[in-house]
Structure formats: C-alpha cells, structure tokens
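> Need the 3D shape of this:
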Amino acid sequence: MKSLERIREVIKRLGYTPDPAAQALAAGRTNVIGVIVPSVTNNVFADVMRGVYTAAENTRWQVQLGNSRYSPLEEERLVRTFISQRPAGLIISGIDQSEETRALLQAASCRIVQIMETSDRPLDMMVGFSHLEGARAATRHLIEMGYKKPGFLGARLDPRTQRRLQGFRDVTREAGLLDATRIVTTPQASTVTLGCMLMAELLSRAPDTDAILCNNDDLALGALFECQRRGIPVPHDMGICGFNDLEMMAAAYPSVTSVRTHRYEMGEKAMQMLADALNGQEPSEPVVDLGFDIVVRQSSMRDQNT
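Numbers count the residues shown, from 1 in each chain. From the prediction side, this is the model:
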C-alpha cells in the first residue's frame, strides 16, 4: 500500500497523464462515450445532454460531444472520427442515418444507442418515442376541442418534422379536414420570428384557418405573437399547439398547449443503458419507448359552446 501511495505521489509531482491512445491499444477501447446530436443550441438537445451528463457523473466514462448540424455528411464524418478513437460506446440522434453511416455503425466494435425515436430496426439499443403518434394525438386534441379547419406549420423538414407532418395529415384526412393549402413548411431553421412569418403566410392562403399544429415550440410562440398582432383571439378563433413543451410554453400568455417529450430522461436512459451493457448487464428490452404527453393549456381550450 505504501508503495502505491509513493507511486501516486510521483505521478502527481511529475504531472503525468496516461496516454489514451496507448490505453485504447492495450484495452481495445477507450473510456469515451461519443454523443452525436444535430444541434448544440437547440434546447431540445441541451435537455438530452443534461441527462447524458447526469448519468455519466461519477462513472469512469467520459462524454465527448459531436454536432452534426443536421448534415448527413457531417454525421458520417463524426462517426468515422469517433470510431477511429475506439470509443466504448456511441449515442446518436435519430434513426435516419445514411447507408454509409449505418454501415459504419453496424461494423463498429462498440455499443450504440440511438435516441429521440423508436423503430423495429435498432442498430443495437434505442430510446425515444414516436413523432408520428405524437402529432396524431395533438391533431386529434385540436379536433376534439371543436376546431374544424386545422393547419400545420413546419420548418427545417428533417425526418422528425416529416413524421410529425405525416401524423397531422393522417388524422385530418381521417376526419375529412385535410386541406393542403393549410400546410405551410420551409427548409429554414426554426425561430420564433419564422413562426410569425409562417403564420402570416398561412393566414394569407387560408384566412379561415381556426387551429394550427406547429412542428415545434418556437414556431408555436411565433404563431401566437402573429395572432396577437392581428387581434385574433386565442383560443376562441385560433387554437395553437406546439411540440416538445419547452419552458416558455407554460410562461406564455395565453399559455400554449404542447406535446411534452421526455428529453432529459432520454439522455439519462441512453447513458444508463450503455453503462449497464458495458458492465455486462444487457437490457431486457433493447428498444425503450418513453412516450409523450399532450399538455393542454389555454391556447387550445376553446369553449365548444360558442
């Protein structure tokens, strides 16, 4: 024991740090958990990362973050970079990797968790929810509240947005309420200002629109501001529903209905699943569906008797 203490004292005095490359060569992998998300500024993914870091705290695993910026090519580059560093595991957003990226991940000698969505084709493990079903439930809510002419606002048009739009289309078609002129989308990145612009475009196309499902909360807040600027009463003449249920939805006036997604729990669960698997404890279910909740607030609580 005394010898070990003397060795530690010498290491500390010399400022020696282990060479991770040498460690990886000896052990076959590093203690790195690579995490690839499409944005580091979006609050959705900030919440995910909080969960990852919480679960990694006080463990031997070191989290390294990569930002793909919604680019499939950048995602592939990041996967190649991480794999070359022999990580213990990878956490990657979504289920729509390119063929090249999917092949890289399938051949990787590390454990993998896909997050933010679920499917029946996991690369290894998966934690998320159904964006399609979340949008369907939100659209049904608007119709059940008495709105007859619902529309949809969407931005960026990444695969998750496309699934939400499909959910809206499914339910409005079933109800006989689908009108393509009430669907306004753009490949631009979401902002509150963009939400104002898209709402203005929707109202110019279909001024009798009486409800909207927004692809995310930024757009929903912008839509609310545009309605207020035009003197359109919310929720009496316009119902609004967002997606993700960020903090600002409850703070807005009127407060805004939204689809709550369990982002922090996704990050935390993904990291826990990786750590358990690396310790030899395989998950009982490789695909974990955390579901969603429709958080009903003032923006869609229409008096159906009026």
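> Please parse this structure into its domains.
For the chain, automatic domain parsing gives the domain ranges 2-129+262-290, 131-261.
> among those domains, which is the most enclosed?
domain 131-261 (a mean of 20; mean count of other Cβ atoms under 10 Å). For the C-beta atoms, the positions are set from N, CA and C on the backbone; glycine is no exception.
> how distant is it from the center of its chain?
18 Å (Cα atoms, centre = their mean, to the nearest Å).
> Would you mind measuring the gap between the ends of it?
9 Å (Cα to Cα, to the nearest Å).
> quick one: the strands in the stretch 51-200 of the chain?
Ranges of strands within the stretch 51-200 of the chain are 62-67, 89-93, 111-115, 125-128, 150-155, 183-186, based on DSSP state E, counting those that start in this stretch.
> quick one: which of those is nearest residue 143?
strand 150-155 (6.9 Å; Cβ to Cβ).
> so what strands line up beside that closest one?
Strand partners for strand 150-155, identified by DSSP bridges, are recorded as strand 183-186 (parallel), strand 211-214 (parallel).
> Quick check, residue 209 in contact with residue 152.
No: contact between residue 209 and residue 152 fails when scored by Cβ atoms under 8 Å: they sit 10.0 Å apart.
> Mind listing the shared neighbours of those two?
The overlap between the contact sets of residue 209 and residue 152 (Cβ atoms under 8 Å, 6 or more residues apart in numbering) consists of residue 182.
> any idea how far the nearest residue to residue 78 once chain neighbours are set aside is from residue 34?
Nearest residue to residue 78 in three dimensions, chain neighbours excluded: residue 66, at 4.0 Å (Cβ to Cβ, 6 or more residues apart in numbering). Relative to residue 34, residue 66 is positioned 6 Å away (Cβ to Cβ, to the nearest Å).
> Return every residue with contacts to both of the two.
78, 82.
> Can you give me the distance of the residue sitting nearest the centre point of the chain to residue 89?
Among the residues of the chain, residue 116 comes closest to the average C-alpha position under Cα atoms, centre = their mean, at 4.9 Å. According to Cβ to Cβ, residue 116 and residue 89 sit 17 Å apart.
> And for residue 106?
15 Å.
> Without its sequence neighbours, what residue ends up closest to residue 230?
The nearest residue in space to residue 230 (Cβ to Cβ, 6+ apart) is residue 203, at 7.3 Å.
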